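[1] show me how the following folds:
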Amino acid sequence: MMLIYPKHHQFETSLECFYLAEELRLWAIPFCIETGKMVTSEWVEKFPSLS
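    Okay, the predicted model is just below:
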């Protein structure tokens with residue numbers, strides 16, 4: 001699961017993955033409104049089609 005949130009001065013890189021259950025993980029990803037793109041990091045390996 002992915003939470004996409006607007007990028008700002010205190011949220012410029014994705015947070016470490018939250019493990020909610022054995023098969024359920026939550027990624028918090030910053031989205032740059034100015035460029036219209038998500039900030040890439042290790043989450044790209046799990047969701048390559050979104051990068």
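[2] grab the most central residue of the protein for me.
    Central residue of the chain (C-alpha atoms, centre = their mean): Ile29, 2.0 Å from the mean position.
[3] quickly find the element holding that one.
    Assessed by DSSP states H and E, Ile29 sits inside strand 24-32.
[4] now what about that strand, what contacts it?
    By C-beta atoms under 8 Å, 6 or more residues apart in numbering, the residues outside strand 24-32 that reach it are 1-8, 11-15, 17-20, 37-39, 41, 43, 46-47. In this view, the C-beta of every residue, glycine as well, is placed from N, C-alpha and C.
[5] hmm, which of the residues you listed are the buried ones?
    For those, a burial check counting by 16 or more other C-beta atoms under 10 Å picks out Lys7, Ser14, Met38, Trp43.
[6] farthest from the middle of the protein: give me that residue.
    Glu22 (19.3 Å).
[7] got a pLDDT number for that one?
    The model reports Glu22 with a pLDDT of 89.
[8] one more: Ile33?
    Ile33 is assigned a pLDDT of 95 by the prediction.
[9] which stretches of the protein have low pLDDT?
    51 (pLDDT under 70).
[10] quick one on the thing from earlier: report the beta-bridge partner residues of the residue nearest to the centre of the chain.
    Assessed by DSSP bridges, Ile29 has beta-bridge partners Ile4.
[11] quick one: the strands in the protein?
    2-6, 18-21, 24-32, 37-38 (DSSP state E).
[12] next, count neighbours for the residue lying closest to Leu20 once chain neighbours are set aside.
    If the residues on either side of it in the chain are set aside, Leu20 comes closest to Leu26, at 5.7 Å by C-beta to C-beta, 6 or more residues apart in numbering. Counted with other C-beta atoms under 10 Å, residues neighbouring Leu26 total 12.
[13] again with the one 10 residues further on
    Neighbour count for Gly36, taken as other C-beta under 10 Å: 7.
[14] so who does it touch?
    Residues counted as contacts of Gly36 (C-beta under 8 Å, 6+ apart): none.
[15] and stretch 13-29, how far out from the chain middle?
    Distance, stretch centre to chain centre, for stretch 13-29: 9 Å (C-alpha atoms, centre = their mean, to the nearest Å).
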